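Enquirer: Turn this into a structure:
(chains A and B)
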Amino acid sequence: MKYTPVIGLEVHVELKTKSKMFCSCSADYFGQKPNSHTCPVCLGLPGALPVPNKQAIEWCVMIGLSLNCKIPLFSKFDRKNYFYPDLPKGYQISQYDEPFAVKGSIKLSSGKMIGITRAHMEEDTGKLLHETINGERVSLIDFNRSSVPLVEIVTEPDFTDAKEVKEYLQKLQQIVRYLDVSDADMEKGEMRLEPNISLRPNGSKGLPKYKVEVKNINSFNFVEDAINFEIKRQTEILESGETPLQETRGWNEDRKKTISQRVKEEANDYRYFPDPDIPPIRWKEPDIENLRNKMPELPEEKFIRFIKGYNLSEYNSEQLIRDKATADYFEEAVKIDPAISSKDIANWIINKKINIDKILPATLVKQIVSAQSVSGVTGEELEKVLKTVLESNQKSVDDYKAGKTNAIMFLVGQSMRELKGKEKADKVKAELEKLLK
Amino acid sequence: MDYLDLTIIKAKELLSQKKISSVELTKYYLERIEKYDKNLNAYITVCTEKALNAAKTADEKIANGESGALLGIPVGLKDIYMTKGIRTTAGSKVLENYTAHYDATAVSKLKNAGAVIIGKANCDAWAHGSSGENSDYGPSKNPWDTTLVPGGSSSGSAVSVSAGFSLAAGGTDTGGSVRLPASFCNIVGLKPTYGRVSRYGIIAMASSLDTIGHFTKTVEDNALYLSVTAGKDEKDGTTPNIKVPDYMANLKKGVKGIKIGIPKEYFSKGLSADIEIPIRKALKKYEELGAEIIEVSLPYTSHAIACYYIIQPAEVSSNLARFDGIRFGNTRETFGPEAKRRIMLGTFTLSAGYYDAYYKKAMQVRTKVIEDYNNAWKKVDVIVAPVSPTLPWKLGEKADDPLAMYLSDVFTVTANIAGIPGLTVPVGFNKGLPVGIQILGPHFSEDKLYQVGYAYEKETEFWKEKPNL
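Expert: Now for the predicted structure:
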């Protein structure tokens, strides 16, 4: 390929605070009756004023910290002015030039660093529903989602392929789940992705003159498909000597392609200005340190600690820390019986795909103990049992010796029955083969 | 006795002695409104039934020995206060048939204190204006001369108190909208410190400048009213957690030793002699009362109006965006010319490429205006200044000249830019028309303003003069 993809990412993460970003309405809108979680503030009624949710701000800062961002001591909210029927105030409260977190980075497994431009706080909009009522086509507005807190995380255009993007997203999802600030369930819209993709000739340094933003992506797999589709589409355009349009495209999962939604003639003018209703936020260093201290251990640290502390392989450690519940389960199980090695526990959890919701760590350990005690059958005992089996099944022995090697499986079965499962089948098979030589 | 001579303090006394009832008092004002408001146009909506019910409740409470700072006191509210279940228009046809769904914090505080809301007072649409003439419901008229403007934008509220339609009235002051009409109508008007009174539920004009003030006949009444509305509100993030002092405590302490600053920039060629003469007289009186008069300088005064007319329309353009024609009844075409003008001005100054030259610059000037005042407070306790450069003008005189109208705010906007409080007190008459001064002080110094205002009022009692309706 003659071109190198230049990919950046905007991710919106919906926080799971109890109340909304600027009012005390419940933020748990999913599946609720339309307009049942509303008040003068999130409906944008005349005279209503926003009061920021402290928890949401702290969580935004924690997300910033976990992405190795700097937290400026001064920050503020701005109004982003635009018209849309789902935006009741005629502006969205967001952060423009002084977000809560800036200049971070995240390391991919390859060691490559992805730059985090910023993480800022904003409010969600309402939702439009287009329906037909009494034969009339109408648009309805549900304001339950209006003013639910969102954190927008923007990366530098540092990705060069879809795999990197996917890994980044998985890590980001893992982090917010570890922080317990969002469930980041893509199907519920709790995590929304917008990659922007362009191509530049190999070896060139500057950013391409155009950029294509892709929306409507609601799974990690689709993001890979969409990026790969775009790389192919843009390559073809560039090879024909043209430049792709600067535009917003939507991913169509059924047709497995992106479809043009909006061509940006020029940048929108949102007329940002500091929101006069919300005093600026001034942190002191100790405030930030307090938040840092409140943060739980993050996946990256846990990964390293598991390798060092429990003597696990990188693979096992990575598997265990994927979600925090599994990691916690593992650590609980390790504490129960010092005689059982942490490695064995890790292997059991991973290889036997233990359902951690159903099996208590103590139960698991018991299973491991009993399984391991079986290999306590001595070699002598084993040989004795096997010899008896061979003697009483002469026909199978003859068949085997005549070349019907499958006959050994019957002998294994008989032996296992005699051993009452106290030995592993492959070991029994190997021993039988030795005796039959 | 003639109810026209009542103040809140006096009415409370009579109510508690059961010499009058709140229902009688409320009926008295409703009848006056019925009789005289055809000429004055102070009210957009009169809440006869609700007011009488509230008065009845107040009387029952009084009978039960209950008390409340404003128990049984009829009060008018600028039609920009959200009042649950009552039509709230902001003086604009956009909200012609809009009924508020909730009470502003100031309204619930007034209700909790027992006030009887008598009606929703006329005002310039969205509080845009200095004369009251921008109301989509026709201008209010000055009770002292109905060919003159009463001052705006809280025009109807000022007229209500001046004409004896209520004992007090709520207004808002974004660039002088309480102080100016108070001075034109011979009443006391307070623009509190920014954040002292919650803005929650007051239809926003320019959020960083809006303050929730009120009109009364006397300084003492005014202090009582503020003790009800002031304080931190969890629903307004710009109300700081600063203790509300007892505004009545220092009221009568006099002005001996108080240092009164006179800003030389305000006594310049722009100030009409009609105004300057009574003010100089008032300053003399203050000297007699033991105050020290000291000249101060507020050099950024000349930039204040330009700064104000950048910041204010910018915020207006954003605040009015919610009236997008989808909700609230009427479409955007129903906005009047002044609102459209401010939306366009504000949209322009916030646009990419212009923001730095206008809005950002104006915010820098704002800092300078604040510094001006901070320097002054090193030398003086309060500043006394004219409110309007001229006497009330004729209805229609400036209606076609927005710039001339904007310039009438020249002495009032600096207090909004700096966020400091200002109290208008009547200082007499010239050519038969009222003149007021504004007493300005540092942030949260309302108690000091009341002390200074009261000393003068007690000596002169201009508030007792009443217009002939």
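
Enquirer: ranges for the helices of chain A?
Expert: Using DSSP state H, the helices of chain A run over residues A:54-66, A:162-179, A:220-239, A:285-294, A:299-310, A:314-321, A:324-336, A:342-351, A:361-374, A:379-392, A:394-401, A:407-419, A:425-436.

Enquirer: show me what contacts the nearest residue in space to B:Pro245 that is not next to it in sequence?
Expert: Of all residues beyond its chain neighbours, the one nearest B:Pro245 is B:Asp447 (5.1 Å), with distances taken as C-beta to C-beta, 6 or more residues apart in numbering or on different chains. C-beta here means a position set from N, CA and C on the backbone, and glycine is covered the same way. Neighbouring residues of B:Asp447 by C-beta atoms under 8 Å, 6 or more residues apart in numbering or on different chains: B:223, B:245-247, B:249-251.

Enquirer: Near the residue in the stretch 251-400 of chain B positioned nearest to chain A, how many other residues are there?
Expert: Among all residues of the stretch 251-400 of chain B, B:Ala321 sits closest to chain A, at 2.4 Å; criterion: C-beta to the nearest C-beta. Counted with other C-beta atoms under 10 Å in any protein chain shown, the neighbours of B:Ala321 add up to 22.

Enquirer: cool, and A:Gly206?
Expert: 7.

Enquirer: got a list of what the residue nearest to B:Gly336 when sequence neighbours are not counted touches?
Expert: Among residues not flanking B:Gly336 along the chain, B:Ala125 sits closest, at 5.2 Å (C-beta to C-beta, 6+ apart). Contacts for B:Ala125 were tallied using C-beta under 8 Å, 6+ apart; they are B:90-93, B:134-136, B:335-336, B:338-339.

Enquirer: rerun at 7 Å
Expert: Contacts for B:Ala125 (C-beta atoms under 7 Å, 6 or more residues apart in numbering or on different chains) come out as B:90-92, B:134-136, B:336, B:338-339.

Enquirer: Give me the subset of those residues lying in helices.
Expert: Using DSSP H, these in helices are B:338-339.

Enquirer: Now list the buried members of the contacts of B:Ala125.
Expert: B:90-92, B:134-136, B:336, B:338-339 (16 or more other C-beta atoms under 10 Å in any protein chain shown).

Enquirer: on that earlier part again, top of the contacts of B:Asp447 by number of neighbours, please.
Expert: B:Ala223 (27 neighbours).

Enquirer: per-residue pLDDT, residue 31?
Expert: I'll assume chain A. Among the per-residue scores, A:Gly31 holds a pLDDT of 90.

Enquirer: Chain B was what I was after
Expert: pLDDT, B:Glu31: 97.

Enquirer: that's a helix at it, yeah?
Expert: Yes - assessed with DSSP: H, G, I helix; E, B strand; the rest coil, B:Glu31 lies in a helix.

Enquirer: and it, how many neighbours?
Expert: Quick note: B:Glu31 (other C-beta under 10 Å) scores 11 neighbours.

Enquirer: where along chain B do the strands fall?
Expert: B:43-46, B:74-78, B:116-121, B:168-170, B:188-191, B:214-216, B:259-263, B:292-296, B:382-386, B:422-430, B:433-440 (DSSP state E).

Enquirer: Redo those strands as JSON lines? Include mean pLDDT, mean neighbour count and distance to A:Ile217.
Expert: Formatted as JSON lines, these follow (pLDDT from 0 to 100; neighbours: other C-beta atoms under 10 Å in any protein chain shown; distance: least, C-beta to C-beta, whole Å):
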{"stretch": "strand B:43-46", "mean pLDDT": "98", "mean neighbour count": "21", "distance to A:Ile217": "52"}
{"stretch": "strand B:74-78", "mean pLDDT": "98", "mean neighbour count": "32", "distance to A:Ile217": "50"}
{"stretch": "strand B:116-121", "mean pLDDT": "98", "mean neighbour count": "29", "distance to A:Ile217": "51"}
{"stretch": "strand B:168-170", "mean pLDDT": "98", "mean neighbour count": "30", "distance to A:Ile217": "52"}
{"stretch": "strand B:188-191", "mean pLDDT": "98", "mean neighbour count": "33", "distance to A:Ile217": "53"}
{"stretch": "strand B:214-216", "mean pLDDT": "98", "mean neighbour count": "31", "distance to A:Ile217": "55"}
{"stretch": "strand B:259-263", "mean pLDDT": "97", "mean neighbour count": "20", "distance to A:Ile217": "61"}
{"stretch": "strand B:292-296", "mean pLDDT": "98", "mean neighbour count": "15", "distance to A:Ile217": "63"}
{"stretch": "strand B:382-386", "mean pLDDT": "98", "mean neighbour count": "26", "distance to A:Ile217": "61"}
{"stretch": "strand B:422-430", "mean pLDDT": "97", "mean neighbour count": "26", "distance to A:Ile217": "56"}
{"stretch": "strand B:433-440", "mean pLDDT": "97", "mean neighbour count": "27", "distance to A:Ile217": "58"}
